[in-house]
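> everything below, folded, please.
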Amino acid sequence: MSEQRIATLDLLRGIAAFSVAISHYFMLNSTEWPGAQAVSILSVEVFFVLSGFVLAPQIIFCCRDARPINLFIFLSRRWMRTIPPFAMALAAISIVTGQLFNHDFFRYLLYAQNFFAQHNTHDYFPVAWSLSIEEWFYVVFPFLAVVCTVALRRNNARFHAMVAVGFILTITAVRTVFGSFENWDEVTRRVVVFRIDSIAYGFLLYVLISRYNRDSMRIPRYVAVAFALIAFVGCSIFAFYVAKLAISDTAVVSQSVYPFSSELFGMSTILAFYMLQFVADRSRGLSSIFVFMGRISYSVYLFHLIIIMFLRPHLQTLPYAVQLLIYIGCLVAFSSVFYRYFERQILAARPTYKSAADGSVRTRLAKVTSYLPAMSPAASRSVQSEQTP
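This is a model prediction of the structure:
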């Protein structure tokens, strides 16, 4: 697997993580910022779509390889990347809040606290809802994609798009029939069976870009970038407006539209940042900063609530700008150490995909990632590195 990364997607992941962390700081300190909750929930949606986008080459590789061993390796790599840091953060916040080893703790540990509904008595680790959706997607969607590929003997970009669209439509139907607008935020927006399709939008975006790359009219890059930025601005305004309405208990129409507007926002955001990769390619220093933000983003997301708990009693008398600077500095320092001495060691120990008789894994993955438009020399290779939350 290549160690090169799409630096602008790392930047996006870092921005999303810090957007959640800073929004929660405002919300937990009862500071007036009317848009804080909307910013927070839309940033999580970016995580969802981005995960589907960067994991798409590996899922497609598993479909083309069609051997159970590589599907198992995919899951092993995902679990080694996501579960150990999550377990550390869960243990830490459980000790701080006095919840260690109770029923709520074990439901969190098994990613079961929000599978059909909000099952925990005390939702003391609220960011875990999105991680449950991620973990169940890793299990369900790649398996479904491989089964469909083998059963129907179809394995091209159009078929992969059909699988993703079928998955999205199925979950949308389930959400429409069984979802509730009463206490919508808890019983629908943050429930696995109603939101697991969110990540499939990123997979679909990857496939659509691959299709465009093969069939496009080779429009100039500046035109593509301008289109992506305009789409991003328009989708951002629309999604923010819908999100602000949806978090009120009476906005039924907005709550119905929210899953679509938020994922459209995520797709347009990723497309815009992906198109801007050439900016990072021109500066090694800038690219390194972007990659650094991506690497610490997961621990920023996992541990920011604990850091708020420790800092808040000691910072309340300081000016608010100073509080934020100290808070962000502590987040960066802790996450940097945690990545270097914990996460990176586990990443290095993950299994690699098994080669098949018709070529090496590197060659076969290169065929998959060749879908991507050549926005930069590293772009088509760098998606192979797992820029995941």
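> surely residue 277 is in contact with residue 11?
No - under the criterion of Cβ atoms under 8 Å, residue 277 makes no contact with residue 11, lying 9.9 Å away. Where C-beta positions appear, they are placed from N, C-alpha and C, glycine not excepted.
> residue ranges in the stretch 51-200 of the chain under the pLDDT threshold?
Within the stretch 51-200 of the chain, no stretch has pLDDT under 70.
> okay, strands next: where are they in the stretch 1-150 of the chain?
Counting by DSSP state E, counting those that start in this stretch, no segments of the stretch 1-150 of the chain form strands.
> measure stretch 147-164 end to end?
Start-to-end span of stretch 147-164 (Cα to Cα, to the nearest Å) is 13 Å.
> higher neighbour count, residue 277 and residue 11?
The neighbour count for residue 277 versus residue 11, taken as other Cβ atoms under 10 Å, is higher for residue 11 (24 against 21).
> contacting residues for that one?
Taking Cβ atoms under 8 Å, 6 or more residues apart in numbering, we find residue 11 in contact with 273, 280, 289, 290, 293, 294.
> now residue 257
242, 246.
> try it again at 6 Å.
residue 242 (Cβ atoms under 6 Å, 6 or more residues apart in numbering).
> on that earlier part again, just the ones in helices from the contacts of residue 11, please.
Among these, DSSP state H puts 273, 280, 289, 290, 293, 294 in helices.
> buried ones in stretch 268-275?
268, 269, 270, 271, 272, 273, 274, 275 (16 or more other Cβ atoms under 10 Å).
> what about it, average pLDDT?
Taken as a whole, stretch 268-275 has an average pLDDT of 96.
> tell me how far it is from the chain's mean position?
Here the centre of stretch 268-275 is set off from its chain's centre by 14 Å, with Cα atoms, centre = their mean, to the nearest Å.
> give me the contact list for it.
With Cβ under 6 Å, 6+ apart as the criterion, stretch 268-275 contacts 8-9, 12, 46, 49-50, 53, 225, 228-229, 231-232, 235.
> could you export it as PDB, CA atoms only?
The C-alpha trace of stretch 268-275 is given here as PDB (Å, rounded to 0.1, in the frame of the first residue of the first chain):
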ATOM      1  CA  SER A 268     -19.500  18.700  -2.900                       C
ATOM      2  CA  THR A 269     -17.000  19.400  -0.100                       C
ATOM      3  CA  ILE A 270     -14.900  16.400  -1.000                       C
ATOM      4  CA  LEU A 271     -15.000  17.100  -4.700                       C
ATOM      5  CA  ALA A 272     -13.900  20.700  -4.100                       C
ATOM      6  CA  PHE A 273     -11.000  19.700  -1.800                       C
ATOM      7  CA  TYR A 274     -10.000  16.900  -4.200                       C
ATOM      8  CA  MET A 275      -9.900  19.300  -7.100                       C
END
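> which SS class is the residue lying farthest from the centre of the chain?
Here the chain reaches farthest from its C-alpha mean at residue 317, the gap being 35.5 Å by Cα atoms, centre = their mean. What DSSP: H, G, I helix; E, B strand; the rest coil gives for residue 317 is coil.
> what does residue 223 give?
Three-state assignment for residue 223 (three-state DSSP): helix.
> what's the burial count for it?
9.
> residue 303 too?
That count, for residue 303 with other Cβ under 10 Å as the rule, works out to 22.
> before we move on, the earlier item: so which of the contacts of residue 11 comes closest to residue 134?
Using Cβ to Cβ, residue 294 is the member of the contacts of residue 11 that lies nearest residue 134, at 16.0 Å.
> distance of the nearest residue to that closest one once chain neighbours are set aside from residue 234?
Excluding the flanking residues, the one nearest residue 294 by Cβ to Cβ, 6 or more residues apart in numbering is residue 10, at 2.6 Å. From residue 10 across to residue 234, the span is 25 Å (Cβ to Cβ, to the nearest Å).
> from the contacts of stretch 268-275, which is closest to residue 86?
residue 50 (17.7 Å).
> gap between the closest one and residue 15?
With Cβ to Cβ as the criterion, residue 50 and residue 15 are 11 Å apart.
> more crowded one of those two?
Ranked by neighbour count (other Cβ under 10 Å), residue 50 and residue 15 place residue 50 first, with 28 against 18.
> got the contact list for that one?
Counted by Cβ under 6 Å, 6+ apart, residue 50 has contacts 202, 270.
> begin at 42 from now on, thanks
Will do, 42 is the new start, and the previous item becomes residue 91.
> what's the first-to-last distance across stretch 223-233?
17 Å.
> what's the answer for stretch 151-164, then?
14 Å.
> ok, now which ones touch residue 220?
Here residue 220 is in contact with 229, 235 (Cβ under 6 Å, 6+ apart).
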